[in-house]
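Asker: after the sequence you'll find the predicted model.
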Amino acid sequence: MAQCIPTRASTNPSVLERQRVRLNWQQQQSTDNTDCIGYNNIESFAPLSSFDQLPKNFVDGERSRNESFGHVHDPIESLGDGWPDFSMVNYPNFCAINVGEKANDKENSDSSKKRKFGNFSNSQVDANNATENSGSSKGMKEDYVLGERKGATGNQKPQNKKETSTETLKENGKASRSSTTTTPLKTDYIHVRARRGQATDSHSLAERVRRERISERMRYLQDLVPGCNKITGKAGMLDEIINYVQSLQRQVEFLSMKLAAVNPRLDFTVDSFFNEEMNIACNTGLIQGMNILLPHDQLDPSYIQSNALLHQAQVGPSSSGLDMAMSTTQQMTLQCPMSAPMQLVNTFMDSCYNNVHGSSSLWDQVRLNNTFGAHFSFQSLQGNCLPNNLKTETREI
Amino acid sequence: MQLAPSLSTTTFKQAFLRSMLQGLNAAASSSNNMSFEARKRAVKLAADVAMACARGRRAKWARALVADLSAKHQNNGALLKSMLGEMHERLVRVNNQHCCRIQRSKKILRRSHRMCSTARREKVLHASVVAKSMVKRRTKMLKKIIPGGEVLNGFSLLNEALDYVTSLQAQVELMRSLLKATEESNSNSRASSKDQLKQREGS
């Protein structure tokens, strides 16, 4: 390590040289991944590539964090006087980059400090967006990144005002924060870190946790509600959510009116749906309709897998055409509810007839299902349709 | 993922469709001389009840929805009971406990508002204050829209809103597909009956 310190003599090493030293040190540390991961706590960084391996390491990391801290600290101490605090500030960043995938190349090629942090936060943001489902650590990650950015770009000379991290243990009844990312700990504590330059009393930390949870929910809602990508800020988002909920409720009213009109006797029974002559047409209608139910729920990872299976089971282009039809029809219904239904039916009919020549396995199951009822179309839509399922369903009815 | 696992899987939609059909059949059995308006209300009731039942007791909005529906009697009582079946008592019982809580908290809120409003006389309208009041107004509106949202605060309100939006989407799609299926079956039956008539005339 000593050879990597060309500028020890100067009291203010240039930025470039500092970075070079850091990088070299980081590369040396890259061989020792577990330490890095161990240092990265639940709430700080969960790099994508090693996410699956993390749980065990988190446990160890939790307990041995202090040890790893000390372990890492030593080589840094050996670098010199001005280094320790600086590296304490920046170490977590680089550990995360190190374990992350593409960021490494970018970091090595960049030479300016600000861009480095910009890339870092970008890679973290990408990781965040990709690991949407891992929810709980996300909010904390971003805040921590921002905090580091502020702290690091603000001071060229490392200042030793406070400890960079203070921990407070907070009891929390809900297991939500700790659910996806480990806690084998028996008590549900939330480990919260105060950012550099932030108040560290329990009240503000509690507020910060609360705010992060709320913003996490807002992000999920942003994904659900169409057309909210560009809206930032709570008030606008709430506006959109309210409008969307109201429009959905209006749609339900309208559809119920239509259903009452179409079927004067309200007999939505099996017989009316499935006559043998119109078997095929009706089933495609219902199946395609049910299929459209599925693309909407995008939050459950298990759903995503089943959706993937479904798309494999069906003809590719027609199902994607359906998705497109769905998105367009949704917009249509939002804007002009009166004329939409006929267009809906037309688009569905077209796509249905295109799909008539679709996968044969689906058709066989459809014919099997024809006397058993509407909800069997769900079964046929699942990626793994077992005849056992059909038999059990008959018993229920 | 914090959302209940029952929400996004196919089992939810299956349960939804099943209870929807059940509810519609229950409505059909008592629909001999119903007006159009009444039929529409019955269909909507069936859809809402099916959505709430499929979601289960875990979602607060589901329970609140059922409570609201049973509260507005309007000839709905018997129908609702027949739709719900055994779930009815379970769902309704839980809600009565919540009602008391609502009243108590409102009293306290009113008192605190009175104190605050008398204390505050001159305050500069900072941007933060304006922003906060905007958000407050909107959260109030959201509370009105989402069933059972009035008791909830901040995080849980957003949670319930998330749940509610996904199930509303599922409800809309389900009804749309039902509509489509019935329309197609109607048109096909009409076509087949026309063919039969032609055949009979021909022979």
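Answerer: Okay, I see it.
Asker: part of a strand, is A:H191?
Answerer: Yes. With DSSP: H, G, I helix; E, B strand; the rest coil as the criterion, A:H191 is part of a strand.
Asker: please report the distance of the spatially most central residue of chain B from chain A.
Answerer: Ranked by distance to the mean C-alpha position of chain B (Cα atoms, centre = their mean), the top residue is B:D48 at 4.5 Å. Distance, B:D48 to chain A, by Cβ to the nearest Cβ, to the nearest Å: 8 Å. C-betas here are computed from N, CA, C, even on glycine.
Asker: just B:S35 next, same as before
Answerer: Distance, B:S35 to chain A, by Cβ to the nearest Cβ: 10 Å.
Asker: give me the pLDDT for that residue.
Answerer: Note on B:S35: pLDDT of 78.
Asker: for B:R138, same thing?
Answerer: B:R138 is given a pLDDT of 91.
Asker: what packs against the lengthiest helix in chain A?
Answerer: Of all segments of type helix in chain A, defined using DSSP state H, the longest is helix A:234-262. On a contact count with 3 or more Cβ pairs under 8 Å, 6 or more residues apart in numbering or on different chains; DSSP states H and E, helix A:234-262 meets helix A:202-224, helix B:36-55, helix B:127-145, helix B:154-202.
Asker: those: lowest mean pLDDT?
Answerer: helix B:36-55 (a mean of 81).
Asker: can you show me the CA trace of it as PDB?
Answerer: Extracted as PDB, the C-alpha positions of helix B:36-55 are listed here (Å, rounded to 0.1, in the frame of the first residue of the first chain):
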ATOM      1  CA  PHE B  36     -83.000  -1.300 -14.500                       C
ATOM      2  CA  GLU B  37     -81.800   0.900 -11.800                       C
ATOM      3  CA  ALA B  38     -82.200  -1.900  -9.200                       C
ATOM      4  CA  ARG B  39     -80.500  -4.400 -11.400                       C
ATOM      5  CA  LYS B  40     -77.500  -2.100 -11.900                       C
ATOM      6  CA  ARG B  41     -77.300  -1.600  -8.200                       C
ATOM      7  CA  ALA B  42     -77.400  -5.300  -7.600                       C
ATOM      8  CA  VAL B  43     -74.600  -5.900 -10.100                       C
ATOM      9  CA  LYS B  44     -72.500  -3.200  -8.600                       C
ATOM     10  CA  LEU B  45     -73.200  -4.600  -5.100                       C
ATOM     11  CA  ALA B  46     -72.200  -8.100  -6.300                       C
ATOM     12  CA  ALA B  47     -69.000  -6.700  -7.800                       C
ATOM     13  CA  ASP B  48     -68.000  -4.800  -4.700                       C
ATOM     14  CA  VAL B  49     -68.800  -7.600  -2.300                       C
ATOM     15  CA  ALA B  50     -66.900 -10.100  -4.500                       C
ATOM     16  CA  MET B  51     -63.900  -7.700  -4.500                       C
ATOM     17  CA  ALA B  52     -64.000  -7.400  -0.700                       C
ATOM     18  CA  CYS B  53     -64.500 -11.100  -0.100                       C
ATOM     19  CA  ALA B  54     -61.700 -12.100  -2.400                       C
ATOM     20  CA  ARG B  55     -59.400  -9.700  -0.700                       C
END
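Asker: report the inter-axis angle for that helix versus helix B:154-202.
Answerer: Angle, helix B:36-55 to helix B:154-202, by axes from the mean of the first three to the mean of the last three Cα atoms, to 10 degrees: 120 degrees.
Asker: what's the angle from the longest helix of chain A to helix A:202-224?
Answerer: Using the same axes, to 10 degrees: helix A:234-262 against helix A:202-224 is 40 degrees.
Asker: hmm, B:S105 is touching B:L152, no?
Answerer: No. Contact between B:S105 and B:L152 fails when scored by Cβ atoms under 8 Å: they sit 11.1 Å apart.
Asker: who has more neighbours, those two?
Answerer: Neighbour count, other Cβ atoms under 10 Å in any protein chain shown: between B:S105 and B:L152, B:L152 has more, with 20 against 13.
Asker: from B:G148, how far off is the residue nearest to that one when sequence neighbours are not counted?
Answerer: Counting by Cβ to Cβ, 6 or more residues apart in numbering or on different chains, B:L152 lies nearest to B:E160, which is 6.1 Å off, once chain neighbours are set aside. Separation of B:E160 from B:G148 (Cβ to Cβ, to the nearest Å): 7 Å.
Asker: need the overlap of contacts for these two.
Answerer: B:60-61 (Cβ atoms under 8 Å, 6 or more residues apart in numbering or on different chains).
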